[in-house]
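# Predicted model follows, preceded by the sequence.
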Amino acid sequence: MKRAIAGLLILLMLGATACSGKKEISKTVNEEEIMNPSNNMEAIAKMFPSLEGALETQWEQIRLGSGDDRVPGPTDYMYQGYIILSDEAAEKYASSYEWKEVDPDVTFESIEKPEGNWKYSYDFCKDIIPGYYGGAAWLDGNTIIFSITTT
């Protein structure tokens, strides 16, 4: 009986070791995996449910990982673009948070990045980006640029 249990434990440990050898997943982007630019405001409302005053948008979706070597499971996506806010919402956000001037390291694939003097606030990002996304958002006047990923 002890031998059977010991044998079973060894088999379980070997199986766990074989399964834990994670394959490195490529985080490269293929051209065909870039979604055409979208101006879908309904999607923005779902991505940023607590964001107020969104008037218009341009954004893109990029599938992270590529090829047939992906492990089975959920696909990760990056969403990035810009959102134009109403003047009232922009003023509210500008005055409600502590901002630092930054140069966001964001490169859009299929849309043009708006020019601006971008500012970043950790608390603003925490308030508008739901916990099931990772990433950041930056504000200049009434324009937000964002780069978020599914987690």
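Received it, and whenever you're ready, just let me know what you need.

# Tell me where the protein has strands.
In the chain, the segments counted as strands under DSSP state E are 54-63, 77-85, 100-101, 119-120, 133-140, 143-150.

# Using CSV, please lay out those together with mean neighbour count, mean pLDDT and distance to Met47.
Using the backbone N, CA and C atoms, a C-beta is placed for each residue, glycine as well. Converted to CSV, the strands of the chain look like this (neighbours: other C-beta atoms under 10 Å; pLDDT from 0 to 100; distance: least, C-beta to C-beta, whole Å):
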stretch, mean neighbour count, mean pLDDT, distance to Met47
strand 54-63, 17, 92, 8
strand 77-85, 21, 94, 6
strand 100-101, 10, 98, 24
strand 119-120, 18, 98, 18
strand 133-140, 19, 96, 7
strand 143-150, 20, 94, 7
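
# hey, where'd the helices end up in the chain?
Assignment of helices within the chain using DSSP state H yields the ranges 2-20, 41-47, 87-96, 122-128.

# now the strands of the chain in TSV, with distance to Glu42?
Written out in TSV, the entries for the strands of the chain read as follows (distance: least, C-beta to C-beta, whole Å):
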stretch	distance to Glu42
strand 54-63	10
strand 77-85	13
strand 100-101	32
strand 119-120	27
strand 133-140	17
strand 143-150	16
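
# Can you say which of the ones you listed is nearest to Met41?
Comparison of the strands of the chain against Met41 by C-beta to C-beta identifies strand 54-63 as nearest, at 6.1 Å.

# List of residues touching the closest one?
29-30, 33-41, 43-45, 48, 75-86, 89, 108-111, 146 (C-beta atoms under 8 Å, 6 or more residues apart in numbering).

# And for stretch 97-105?
Outside of stretch 97-105, the residues that reach it under the criterion C-beta under 8 Å, 6+ apart are 117-121, 123-124, 136, 138-139, 145, 147.

# Pull up the distance across it, start to finish.
The first residue of stretch 97-105 is 21 Å away from its last residue (C-alpha to C-alpha, to the nearest Å).

# Now do the buried residues in that stretch.
Within stretch 97-105, the residues that qualify as buried by neighbour count (16 or more other C-beta atoms under 10 Å) are 97, 99, 104.

# Which of the strands of the chain sits closest to Tyr93?
Put simply, out of those the one that sits nearest Tyr93 is strand 133-140, at 6.2 Å, with distance taken as C-beta to C-beta.

# by how many degrees do that closest one and strand 143-150 diverge?
With axes from the mean of the first three to the mean of the last three C-alpha atoms, to 10 degrees as the basis, strand 133-140 and strand 143-150 are set at 170 degrees to each other.
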